[in-house]
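Trainee: Build me a model:
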Amino acid sequence: MAKGVKGTRDFYPEEMRLRNWLFDNFTYASLLHGFEEYDAPVLENEDLYTRKQGEDIVKQLYNFKDKGDRKVSLRPEMTPSLARMVMSRAGVLPMPIKWFSIPQCWRYERMQKGRGREHFQWNVDIWGTSEISADAELFSVITTFLEGVGLTEEDVVIRVSSRKVLEEVLGSLGIEGDAFAQTCIIVDKMDKLSPEVINEQLTELGHSSEVISKIQSTLGLKHLNSLKKVLKPDSEALKELTILFEAIESYGISDWVEFDGSIVRGLAYYTGSVFEVNDRKGKFRAICGGGRYDKLLSTLGGKDLPATGFGFGDMVIMELLKDKNLLPQLLSGVEDVVIALDPELKNVAVKVASVLRDSDRLVDLVLENKKMKWAFKHAERVGANRIILVAPEEWKRQKIKVKDLQSGEEFETTLEEI
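Mentor: Numbers count the residues shown, from 1 in each chain. This is a model prediction of the structure:
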């Protein structure tokens with residue numbers, strides 16, 4: 001039996017209905033906050049992703065040479081494509097821009113619950129403003145979506161920190177630049193690897209036991225007040241986080257958000273606030289992640305623009321909603337089932353279906369010769385409201401029988417009045 005490619009998914013109609021429902025909720029939360037939708041090709045030039053070496057994302061590319069001997073790759077994430085699009089219209093796009101997209105992304109990695117080799121990812125980004133309130137706006141988008149699908153602050157938490165926290169602490173110890181970026185990649189795996197392995201990797205990076213201890217104590221901070229004891233009085237990280245949490249309070253979403261020093265995010269392009277969305281019980285992988293990336297464009301050969309955004313995968317959130325019994329029971333959407341009870345009346349049934357469709361009814365026309373009993377079972381299965389019967393006796397009088405499947409009411413009508 002033919003199988004799909006390992007790590008990919010088929011979406012049968014009932015699964016497609018749930019996917020569309022999820023995407024509709026993504027879209028609604030975005031539009032409600034004034035974001036516009038964009039898209040980009042799933043296939044990009046490989047060097048869009050390989051400019052920053054050492055990150056796991058580079059090792060996980062679905063890359064190959066095309067027939068023109070060009071190195072290309074399926075996109076592993078959307079942000080580089082977005083950056084390319086912004087760069088190509090630098091100086092022309094009115095700033096700030098607030099864009100969202102729901103692309104399919106591909107990564108060749110070890111499969112596990114909530115992670116395949118392809119997934120859809122809701123991306124929401126703001127470019128062209130360094131205002132910290134832009135980061136809080138993203139949290140509002142996220143909480144709007146979460147509330148829309150039935151989740152509460154008791155189910156989910158947004159854990160926030162800033163790359164500048166660890167940057168300032170390690171900077172005081174002389175660790176910066178590429179060494180700092182590599183450190184972030186390692187500590188981002190703390191929830192996946194044992195403390196022994198993390199310590200070993202940090203040691204291999206050249207960090208002393210004193211530095212490792214400083215990293216661990218910084219990552220263990222859980223309150224903003226604790227930062228004041230670790231950072232300098234004029235700390236930029238502390239200043240920005242204070243402004244951010246004040247904005248969060250203004251949005252009325254403080255119950256959803258917590259400071260957590262262990263959030264660093266592994267991608268090298270993050271420059272400021274970083275965050276992850278997790279279920280409170282810690283049962284699943286991170287639902288969403290993002291942060292500020294003000295210096296991405298220069299790594300791609302362009303002029304930097306302040307930017308902040310997040311990526312929200314479709315797989316973990318569906319696992320969480322299933323666990324909470326919050327997935328809706330969605331039917332096909334068919335309103336009317338039309339059936340001819342005599343092969344000679346098939347063309348009449350076609351006319352009936354056409355009239356109904358012209359009035360914007362969603363109609364399933366039974367194409368084969370089927371019995372009335374089958375038609376009723378079929379109508380029940382697809383969740384139709386009515387069944388329209390084109391039967392010989394009624395049609396002799398130019399009548400069509402309509403049965404309302406919810407009320408049980410039956411009546412006859414004409415083709416013109418249906």
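Trainee: which other residues reach the helix of greatest length in the chain?
Mentor: Counting by DSSP state H, the longest helix found in the chain is helix 13-32. Contact with helix 13-32 is made by 11, 37, 100, 102, 120, 122, 124, 141-142, 144-145, 148-149, 312, 314, 317-318, 327-328, 330-332, as judged by Cβ atoms under 8 Å, 6 or more residues apart in numbering. Every residue, glycine included, has its C-beta placed from N, CA and C.
Trainee: and that helix, how far from the chain's centre?
Mentor: Remark: helix 13-32 is offset 10 Å from the chain centroid, using Cα atoms, centre = their mean, to the nearest Å.
Trainee: Outside of the helix or strand just after it itself, list whatever touches it.
Mentor: Sequence order places strand 36-37 as the next helix or strand after helix 13-32, per DSSP states H and E. The contact list for strand 36-37 (Cβ under 8 Å, 6+ apart) reads 27, 30, 97, 98, 99, 100, 101.
Trainee: Taking those together, which two end up most distant?
Mentor: 27 and 97 (17.2 Å; Cβ to Cβ).
Trainee: These two: who's more crowded?
Mentor: Ranked by neighbour count (other Cβ atoms under 10 Å), residue 27 and residue 97 place residue 97 first, with 20 against 16.
Trainee: Could you list everything the more buried one pairs with in the sheet?
Mentor: residue 127 (DSSP bridges).
Trainee: so what's it up against?
Mentor: 36, 86, 125, 126, 127, 128.
Trainee: Distance check, it against residue 177.
Mentor: 30 Å (Cβ to Cβ, to the nearest Å).
Trainee: Likewise for residue 161?
Mentor: Distance from residue 161 to residue 177, by Cβ to Cβ: 20 Å.
Trainee: which one of those two has more residues nearby?
Mentor: Taking neighbours as other Cβ under 10 Å, residue 161 and residue 177 compare with residue 161 leading, 27 against 8.
Trainee: Setting the sequence-adjacent residues aside, check what's closest to that one.
Mentor: Nearest residue to residue 161, sequence neighbours excluded (Cβ to Cβ, 6 or more residues apart in numbering): residue 263, at 4.1 Å.
Trainee: quick one, helices of the stretch 101-250 of the chain?
Mentor: 133-148, 163-171, 177-187, 195-204, 209-219, 224-230, 236-251 (DSSP state H, counting those that start in this stretch).
Trainee: for those, which one sits closest to residue 7?
Mentor: The closest of these to residue 7 is helix 177-187. By Cβ to Cβ, the value is 23.1 Å.
Trainee: Which elements pack onto that closest one?
Mentor: helix 163-171, helix 195-204, helix 209-219 (3 or more Cβ pairs under 8 Å, 6 or more residues apart in numbering; DSSP states H and E).
Trainee: Put together CSV for these, with mean pLDDT and distance to residue 341 on each row.
Mentor: Shown next, in CSV, are the helices and strands packed on helix 177-187 (pLDDT from 0 to 100; distance: least, Cβ to Cβ, whole Å):
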stretch, mean pLDDT, distance to residue 341
helix 163-171, 85, 69
helix 195-204, 82, 70
helix 209-219, 81, 71
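Trainee: Highest mean neighbour count out of those?
Mentor: helix 163-171 (a mean of 22; mean count of other Cβ atoms under 10 Å).
Trainee: Check which helices and strands that helix sits against.
Mentor: helix 177-187, helix 209-219, helix 236-251.
Trainee: Next, the angle from that helix to helix 177-187.
Mentor: Helix 163-171 runs at 120 degrees relative to helix 177-187, counting by axes from the mean of the first three to the mean of the last three Cα atoms, to 10 degrees.
Trainee: which residues sit against helix 163-171?
Mentor: So helix 163-171 is in contact with 176, 180, 183-184, 187, 211, 214-215, 218-219, 221, 227, 230-232, 235-237, 240-241, 261, 264-265, 270-274, 291, going by Cβ under 8 Å, 6+ apart.
Trainee: between that helix and helix 236-251, how many degrees?
Mentor: If you take the same axes, to 10 degrees, helix 163-171 sits at 160 degrees to helix 236-251.
Trainee: Also compute the angle for helix 163-171 relative to helix 209-219, please.
Mentor: Using the same axes, to 10 degrees: helix 163-171 against helix 209-219 is 160 degrees.
Trainee: where does the stretch 51-200 of the chain have low pLDDT?
Mentor: 52-56 (pLDDT under 70).
Trainee: what about the nearest residue to residue 73 once chain neighbours are set aside, how many residues close to it?
Mentor: In space, residue 73 comes closest to residue 63 once its chain neighbours are excluded; the distance is 3.9 Å by Cβ to Cβ, 6+ apart. If you count neighbours by other Cβ under 10 Å, residue 63 ends up with 18.
Trainee: Make sure residue 63 is indeed in a strand.
Mentor: Yes: with DSSP: H, G, I helix; E, B strand; the rest coil as the criterion, residue 63 is part of a strand.
Trainee: how far away is it from residue 117?
Mentor: On the measure of Cβ to Cβ, residue 63 and residue 117 end up 13 Å apart.
Trainee: Next: residue 281.
Mentor: With Cβ to Cβ as the criterion, residue 281 and residue 117 are 27 Å apart.
Trainee: quick one on the thing from earlier: so which of the helices of the stretch 101-250 of the chain is nearest residue 378?
Mentor: helix 133-148 (32.5 Å).
Trainee: how far does the closest one sit from the chain's center?
Mentor: 13 Å.
Trainee: And for stretch 276-290?
Mentor: 13 Å.
Trainee: mind saving the C-alpha coords of that stretch as CSV?
Mentor: C-alpha atoms of stretch 276-290 as CSV (Å, rounded to 0.1, in the frame of the first residue of the first chain):
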residue,chain,number,x,y,z
GLU,A,276,7.2,31.1,24.8
VAL,A,277,3.6,30.0,25.3
ASN,A,278,3.2,26.8,27.3
ASP,A,279,0.4,24.8,28.8
ARG,A,280,0.4,25.4,32.6
LYS,A,281,0.9,21.7,33.4
GLY,A,282,4.0,21.4,31.2
LYS,A,283,2.4,18.4,29.4
PHE,A,284,3.3,19.5,25.9
ARG,A,285,6.0,21.2,23.9
ALA,A,286,6.1,24.9,23.6
ILE,A,287,2.9,26.1,21.8
CYS,A,288,4.4,29.3,20.4
GLY,A,289,7.6,31.2,20.5
GLY,A,290,8.9,34.6,19.4
